[in-house]
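**Q** Pasting the sequence and the predicted coordinates here, then a few questions.
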Amino acid sequence: MPLRGIRVLVTRGEGQAREFADLIRGRGGVPVLFPTVRIVAVDDPGPLDAAISALPSFDWLLFSSANGVRYFAPRATAAIAAGLPPGLRIGSVGPGTTRAVSDAGMTVFLEAGTHTAEGLLDALAKEGISGKRFLVPRAAEGREALVDGLVVQGGIVVAPVTYRTGLPDLDEGAARAIAETPPDVCAFASPSAFRNFILLLGEDRARSILSSSTIAVIGEVTARSVENRDMSVGIMPDQYTIAGMLDAIEVHFRQKGAAR
């Protein structure tokens with residue numbers, strides 16, 4: 001068990017925390033649940049519904065997160081059941097998103113080699129962007145890198161807000177527990193998870209916990225959020241996936257143990 005006894009803070013929201021916690025347990029670690037992200041549907045799904053009704057007009061349907069799929073698919077049930085338009089291809093940012101697409105009954109045509117918006121943009125550039133029409137379901141607070149990059153390269157983009165992220169209620173008992181005994185690793189799978197950790201706990205308490213732990217992030221975008229607050233990232237995987245982050249945590253503690 002490579003993570004035997006290692007306590008890993010799980011900040012993922014409802015619907016995703018359990019999978020991450022099970023993966024940690026499967027490697028012998030101890031998940032410490034403290035959700036910092038709450039995903040909810042948008043108040044007005046009208047723009048998304050209008051885009052779904054125009055699916056045959058698009059060349060690409062792009063997903064930059066599994067949450068985008070989870071909030072898109074239920075509103076496109078009829079279209080998915082009938083079979084998506086034959087000319088519509090689906091692009092995915094990475095394996096987790098691809099799995100969500102498959103679970104929703106759709107098939108990914110293109111997956112980014114580097115699991116970021118920029119990586120997906122690079123992959124699309126090889127297929128041709130200029131003059132193509134892209135439907136990009138997105139988060140209200142999401143980065144604009146993919147949409148902006150497509151537009152700059154001559155793509156025609158419709159990007160309806162599909163879901164939004166918010167703050168969950170603070171579990172003060174859990175907050176006190178991690179303040180008294182900080183986890184060995186605090187893992188963040190998105191910039192919002194890190195940002196909300198500080199909002200929920202307050203700057204001083206959050207910094208105290210993080211200074212006694214090792215910060216692990218899923219990729220470079222989340223790493224920048226950490227470093228912009230003058231904190232250091234101790235663990236970042238080469239593959240920007242949850243499994244990749246756990247692999248990197250294993251390597252970190254194996255090397256730490258070997259150095260003792």
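**A** Thanks, I have it. Residues are numbered from 1 along each chain as shown.

**Q** Just the helices from the stretch 1-150 of the chain, written as ranges.
**A** For the stretch 1-150 of the chain, the helices defined by DSSP state H, counting those that start in this stretch occupy 17-26, 46-53, 66-72, 77-82, 95-103, 117-125, 145-152.

**Q** wait, which of the ones you listed is closest to Glu111?
**A** Proximity to Glu111, assessed across these by Cβ to Cβ, is greatest for helix 95-103 (5.3 Å). Where you see a C-beta, it was placed from the backbone N, CA and C, and this is true even at glycine.

**Q** Please report phi then psi for Gly28.
**A** Main-chain dihedrals, Gly28, degrees, to the nearest 10: phi 90, psi 0.

**Q** Leu55 versus the residue nearest to it when sequence neighbours are not counted, what's the distance?
**A** Excluding its sequence neighbours, the residue lying closest to Gly28 (Cβ to Cβ, 6 or more residues apart in numbering) is Met1, at 2.6 Å. Met1 sits 47 Å away from Leu55, going by Cβ to Cβ, to the nearest Å.

**Q** Surely Ile218 is in contact with Thr241?
**A** Yes. Using Cβ atoms under 8 Å, Ile218 is in contact with Thr241, at 7.2 Å.

**Q** hmm, back to that, go through the helices of the stretch 1-150 of the chain and pick out the most buried.
**A** Mean neighbour count (mean count of other Cβ atoms under 10 Å) peaks for helix 66-72 among the helices of the stretch 1-150 of the chain, with a mean of 23.

**Q** where in the stretch 151-260 of the chain is pLDDT low?
**A** 258-260 (pLDDT under 70).

**Q** Which stretches in it count as helices?
**A** Under DSSP H, counting those that start in this stretch, the stretch 151-260 of the chain gives helices at 172-180, 191-201, 203-211, 220-227, 242-259.

**Q** Go through the ones you listed and pick out the most buried.
**A** helix 191-201 (a mean of 21).

**Q** neighbour count winner among Met1 and Leu55?
**A** Set Met1 next to Leu55 and count neighbours by other Cβ atoms under 10 Å: Leu55 wins out with 16 against 10.

**Q** re the thing from before, what separation do you get for the residue nearest to Gly28 and Val30?
**A** Distance of Met1 to Val30, given as Cβ to Cβ: 11 Å.

**Q** rewinding a little: isn't the residue nearest to Gly28 right up against Arg27?
**A** Yes. If you go by Cβ under 8 Å, Met1 and Arg27 touch, sitting 6.3 Å apart.

**Q** Can you work out which residues contact both of these two?
**A** Overlap of the contact sets of Met1 and Arg27 (by Cβ atoms under 8 Å, 6 or more residues apart in numbering) is empty.

**Q** pretty sure Ser102 contacts Val108?
**A** Yes. Here Ser102 reaches Val108: they are 7.2 Å apart, a contact under Cβ under 8 Å.

**Q** which residues touch the closest residue to Gly105 other than its chain neighbours?
**A** Spatial nearest neighbour of Gly105, excluding adjacent residues (Cβ to Cβ, 6+ apart): Ile80 at 5.1 Å. Going by Cβ under 8 Å, 6+ apart, Ile80 touches Ala73, Ala104, Gly105, Met106.

**Q** Pro85 - how many residues pack around it?
**A** Pro85 has 14 nearby residues by other Cβ under 10 Å.
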